[in-house]
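> Provided below for reference: sequence and predicted model.
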Amino acid sequence: MIFHLTTAETWEKAQLNHEYKCDSLEKEGFIHCSKRSQIITIANTFYADYEQLIILEIDPDKLLATLKWEDPVHPNPNLDHRIDDREKFPHIYGAINLDAVEKIIYLCKNNQGFF
C-alpha cells in the first residue's frame, strides 16, 4: 500500500468528480505519496498548519495512472535528518481512480501540536 495526505475538502471534491486530483498534479505533473513509515514525518513537515488531515490508503495494483518510485522533489532540511536520503517516494502520474483507495484514515494532532 501507498499513502497520500490530503484535506477533507479536497477529498470531498474528489468524490464529486469521481477521481482524486490535487494541486501538485497540475503544478508538478504528479501526486505525492509516501510509504507508511514516511506519513507522520511528512505530515509534521509539510502540513503543520493543518489541525486534521485525511490519509488515503491506496492499492497500487488498482491504480489506472502510472506509479513511479523517485527521489524527493522538495528537499527539506527539516525532513532530511528523519528520512534516509536514499529513500524513494511513490509519485502517481495522473488522477487517482477512487476504487484504488482502500481506506480513509483521519489524522489529528496530539495535545503537543504534532500529528
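Alright, I've got the coordinates.
> do a quick rundown of the strands in this protein.
Secondary structure of the chain, counting by DSSP state E: strands at 2-6, 19-20, 31-32, 52-58, 66-70, 89-93, 96-97, 101-108.
> among these, which comes closest to T45?
Of all these, it is strand 2-6 that lies closest to T45, at 10.6 Å by C-beta to C-beta. Every residue, glycine included, has its C-beta placed from N, CA and C.
> what's in contact with that closest one?
20, 22, 31-36, 38-39, 42-43, 46-47, 53-58, 60, 67, 90, 92, 96, 107 (C-beta atoms under 8 Å, 6 or more residues apart in numbering).
> if we use 7 Å, what do you get?
22, 31, 33-36, 39, 42-43, 47, 53-58, 60, 90 (C-beta atoms under 7 Å, 6 or more residues apart in numbering).
> equivalent analysis for stretch 89-109, please.
Contacts for stretch 89-109 (C-beta under 7 Å, 6+ apart): 1-2, 14, 18-21, 25, 29-34, 43, 51-59, 62-70, 72, 115.
> restricted to buried residues, select those residues in ChimeraX.
To isolate the buried ones among these in ChimeraX, judged by 16 or more other C-beta atoms under 10 Å, type:
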select :2,14,19,20,25,30,31,32,33,34,43,53,54,55,56,57,58,63,65,67,72,115
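> between the longest helix seen in the chain and strand 101-108, how many degrees?
The residue-count maximum for a helix in the chain (DSSP state H) belongs to helix 8-17. Interaxial angle, helix 8-17 versus strand 101-108 (axes from the mean of the first three to the mean of the last three C-alpha atoms, to 10 degrees): 160 degrees.
> would you mind listing the buried residues in helix 8-17?
Those would be T10, W11, A14, for helix 8-17 by 16+ other C-beta under 10 Å.
> what does stretch 91-106 give?
Of all the residues in stretch 91-106, those buried under the rule 16+ other C-beta under 10 Å are H91, I92, G94, A95, I96, A100, V101.
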